[in-house]
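A.B. asks: Whatever this is, show me its structure:
(chains A and B)
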Amino acid sequence: MRAILYVLTAFGVMGLAIWAYDQNQQTQEAMRDLRRLRAEIRSVTESLSVQRAEWAYLNRPQRLRELAEMNFARLGLMPMEGARFGQIDEIPYPALIAAEVSP
Amino acid sequence: MIRIPLRPLARILDARAQGMNPDRIERENLRLRREQMRDQGRRKAEWRILFLAALFFAGYAVIGAKMGMLAASPVIEPEPYAGEGISGDRADVLDRNGRILATNLVTHSLYAELRYMIDGARAAHELARIFPDLDETRLAQRLTDPNRRFDWIRARLSPEQAQAAHDIGEPGLLLGPRDMRLYPNGTLAAHVLGGTTYGAQGVTAAEINGVAGIELAQNTRLSDPDLAAVPMALTLDLGVQAIVEEVMASGMAMLHANGGSVIVMDAQTGEVVALASAPTFDPNDRPAPPVTLDEQAESPLFNRATQGLYELGSVMKAFAVAQALDLGLVSPSTVIDIRGPLRYGRFEITDFHNLGASMSVADVFIESSNIGTARIAQMIGVERQREFLGRLGLLEAIPFDLPEGRSARPQFDPRWSELSMVTISYGHGLSMTPLHLASAYATLVNGGLRVHPTLSRRSEATVGERVISEETSQIMRSLMRGVVTQGTASLGEVAGYLPGGKTGTANKPNPHGGYYEDRTIATFAGAFPMNDPRYVFVVTMDEPEEISTSESRRTAGWTVVPVAAEIVRRIAPVLGLRPQDTAAVDAALSLR
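C.D. replies: So this is what the prediction gives:
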């Protein structure tokens, strides 16, 4: 009876050792993963900021103004004026909707 | 412990004498003893459970505390290059709509680690082909020097240059990441943004430090690594700023002006929507700072809107008139004697042209009579005038968000004599920055509340202290509108947006004493729309001259007023203001 107990304990210790080793490996793997992810985040953040800077540079008011002037014949873009404000009832709603609403 | 005997003799004898069974006594005592033992055991077990619970509690508390600490501590930005303690991280600066004003861009720096260097001479030859300005022989000398270990080649490379340097294939040539501050809009809002320079420099990063403008004022905030990912929003509106600078530049070219400044500010909150100073510069490539004092005022780095102290002329009349109205000394229809000239010792006050013998207060303001304003100032008196200008914030430097101008203290004669009082009332003898003027005008038109100009978004509107009454402010709005509809700023009308204001043309002081006859600073300060002012503007120009007709004109009405009108016409719709029925509003505004 006692011998069985000893054998079981020994197996138990071995089992725990294997488990601990496995946990250790998993932790290290997770840490490696974390480092890789962090590097990835860093590089993605960097390229994001480059894209944002590029976007801001391409949308700088001076360039947009020049583009609007260059393409005036095609687009006819003019500076915003007060006369552009309209009234809500100036919007031509399709007659269809009105017909559906009225019973 | 005293052990109670199970069969105490005395009780047994008693019991026997009474004919009872003595065994019951024994059983009774046995029961009591067992109960005692059971209680003891229970106490012990309870204590053990408590101990165990405490142990578990402590364990979980430690875990919990650690989790809490992890959650509360700032997130460490993943840094594969950590170790040097130098960070080039810097938060973005945005305008009020989230458009980028300043951002960081990662470029490359190029350096040589000589212990990895295989063929220094060849590397130098190849590098000289990429960078034509490098001296090949000297570089080859440095790269083959056995006593050297490290050498900087370039601090900033374009991506193409970095690729070319990489393609040399020399293991001793290394590329390090290098943050660069980028202002994608070029010269736009240059004076607000300021600029940056490199601080401590390492292989993998270089510190970026602000040298002027908001970059310097907020350097700690912007370079805080914990806040690097949180952009800082300013009150500027990029679209409005672009329009203001465009109109200003073309206006200055047309009027041959030396310089100028524009401020557009929210009349209630003091949020500065646009702030421009001309000539301007590119913050991506800041010019060298001026050395002498003369150069300083001419330098494009000089911020005319917040640093430049000017005697702004007739725009100051608004303060004398507003105070007299507020004190109840006059009403808009009170008639003032404007026969001149007015003499103070050997000093003589005249009007720009003869305006007659008498005028109402409203006309004194609208027609801009020096003599009339001087008379009004005489009614107010020295003490009250000084106190009023102080309450408007015109005698102190403004604690503004830009470091340039925090020391711009208005200049005046500290004795504040009778003569100072009179000259200050029409705009000479007290020099201030256009920003001072903008904040004081905001007070005049917004219902009389003090306004503190700011560039940082405020979460809630702060209500300033009252300077003049709501009624006085109402009258001032009508008077300022009158200047545009019938006075000196008739070229300033913008259909639908009802601008109003006051013009000022001040002769520039000659550094050798007196004033120049033919050099002026022209100012138009005002607000729009005048029935409910949303924005205050101040436009100034240095030595403008209108020469489209045969005679040359330098007065504000012919120079800055059309420029200001164009600015209002262009920015009002962008600011989301709807045009109003001008005639109807004017009828409501006009003084009865």
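
A.B. asks: Give me the three-state assignment for the residue of the stretch 301-450 of chain B found nearest chain A.
C.D. replies: With Cβ to the nearest Cβ as the measure, residue B:305 is the residue of the stretch 301-450 of chain B nearest to chain A, at 19.4 Å. C-beta: built from backbone N, CA, C; applies to glycine. At residue B:305 the chain is in coil, as set by DSSP: H, G, I helix; E, B strand; the rest coil.

A.B. asks: what's the closest residue in space to it that isn't next to it in sequence in contact with, if anything?
C.D. replies: Counting by Cβ to Cβ, 6 or more residues apart in numbering or on different chains, residue B:261 is the residue found nearest to residue B:305 once chain neighbours are left out, at 3.9 Å. Counting by Cβ atoms under 8 Å, 6 or more residues apart in numbering or on different chains, residue B:261 makes contact with B:275-278, B:303-305, B:308, B:434, B:538-540.

A.B. asks: and the residue in the stretch 401-550 of chain B positioned nearest to chain A, what does it touch?
C.D. replies: Residue of the stretch 401-550 of chain B nearest chain A, by Cβ to the nearest Cβ: residue B:496 (4.6 Å). For residue B:496, the contact set (Cβ under 8 Å, 6+ apart) comprises A:82, B:572, B:579-582.

A.B. asks: For it, give its distance to residue B:483.
C.D. replies: Applying Cβ to Cβ, to the nearest Å, the value for residue B:496 to residue B:483 is 18 Å.

A.B. asks: what's the answer for residue B:490, then?
C.D. replies: According to Cβ to Cβ, residue B:490 and residue B:483 sit 9 Å apart.

A.B. asks: Same drill for these two, tell me which one is more crowded.
C.D. replies: The residue with more neighbours, out of residue B:490 and residue B:483, is residue B:483; 27 against 12, by other Cβ atoms under 10 Å in any protein chain shown.

A.B. asks: on that earlier part again, wait, the residue of the stretch 301-450 of chain B closest to chain A sits on residue B:436?
C.D. replies: No. Taking contacts as Cβ atoms under 8 Å, residue B:305 lies outside contact range of residue B:436: 10.2 Å.

A.B. asks: what are the phi and psi angles of residue 69?
C.D. replies: All of this is about chain A. phi -70, psi -40 (degrees, to the nearest 10).

A.B. asks: Wait, chain B was what I had in mind.
C.D. replies: Here is the backbone geometry of residue B:69 (degrees, to the nearest 10): phi -60, psi -40.

A.B. asks: How many residues are close by it?
C.D. replies: Residue B:69 has 9 neighbours, counted by other Cβ under 10 Å.

A.B. asks: could you measure it against residue A:38, distance?
C.D. replies: Separation of residue B:69 from residue A:38 (Cβ to Cβ): 20 Å.

A.B. asks: same check, this time on residue B:457
C.D. replies: Taking Cβ to Cβ, one finds residue B:457 at 32 Å from residue A:38.

A.B. asks: quick one: is the longest helix seen in chain A near chain B?
C.D. replies: For chain A, the helix with the greatest residue count under DSSP state H is helix A:2-58. Yes. On the criterion Cβ under 8 Å from any Cβ of the partner chain, helix A:2-58 is in touch with chain B at A:35, A:37-39, A:41-42, A:45-46, A:49-50, A:52-53, A:55-57.

A.B. asks: That helix - contacts with which helices or strands?
C.D. replies: strand B:100-113 (3 or more Cβ pairs under 8 Å, 6 or more residues apart in numbering or on different chains; DSSP states H and E).

A.B. asks: Return the alpha-carbon coordinates of the strand it packs on using PDB.
C.D. replies: This file holds the C-alpha atoms of strand B:100-113, laid out as PDB (Å, rounded to 0.1, in the frame of the first residue of the first chain):
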ATOM      1  CA  ILE B 100      -2.900  68.100 -39.200                       C
ATOM      2  CA  LEU B 101      -0.800  71.200 -38.600                       C
ATOM      3  CA  ALA B 102       2.400  69.400 -37.400                       C
ATOM      4  CA  THR B 103       3.300  65.700 -37.400                       C
ATOM      5  CA  ASN B 104       6.200  63.400 -37.100                       C
ATOM      6  CA  LEU B 105       7.700  61.500 -40.000                       C
ATOM      7  CA  VAL B 106      10.200  58.700 -39.600                       C
ATOM      8  CA  THR B 107      13.200  59.200 -41.900                       C
ATOM      9  CA  HIS B 108      16.600  57.700 -41.700                       C
ATOM     10  CA  SER B 109      20.000  58.800 -40.500                       C
ATOM     11  CA  LEU B 110      23.200  57.300 -41.900                       C
ATOM     12  CA  TYR B 111      26.200  56.500 -39.800                       C
ATOM     13  CA  ALA B 112      29.200  54.300 -40.000                       C
ATOM     14  CA  GLU B 113      30.400  51.600 -37.500                       C
END
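
A.B. asks: Show me how far that strand is from its chain's centre.
C.D. replies: Centroid separation for strand B:100-113 versus its chain: 26 Å, with Cα atoms, centre = their mean, to the nearest Å.

A.B. asks: Which strands border that strand, and is each parallel or antiparallel?
C.D. replies: Applying DSSP bridges, strand B:100-113 is found paired with strand B:93-94 (antiparallel), strand B:150-157 (antiparallel), strand B:173-182 (antiparallel).

A.B. asks: So for the following helix or strand past the longest one, mean pLDDT?
C.D. replies: Scanning the chain past strand B:173-182 towards its C-terminal end, the next helix or strand to appear is helix B:190-193 (assignment: DSSP states H and E). Per-residue pLDDT over helix B:190-193 has a mean of 94.

A.B. asks: Over to stretch B:560-569?
C.D. replies: Averaging pLDDT along stretch B:560-569 gives 94.

A.B. asks: swap in stretch B:123-130?
C.D. replies: 88.

A.B. asks: what ranges of chain A fall below the confidence cut-off?
C.D. replies: Where chain A drops to pLDDT under 70, the residues are A:95-103.

A.B. asks: Might you list the low-confidence residue ranges for the stretch 51-200 of chain B?
C.D. replies: Using pLDDT under 70, the flagged stretches of the stretch 51-200 of chain B are B:75-86.

A.B. asks: The same query, at a cut-off of 50, please.
C.D. replies: Counting by pLDDT under 50, the ranges of the stretch 51-200 of chain B that qualify are B:80-83.

A.B. asks: any idea what the residue of the stretch 201-350 of chain B found nearest chain A is structurally, helix, strand or coil?
C.D. replies: Going by Cβ to the nearest Cβ, chain A is nearest to residue B:242 of the stretch 201-350 of chain B, at 3.4 Å. With three-state DSSP as the basis, residue B:242 sits in helix.
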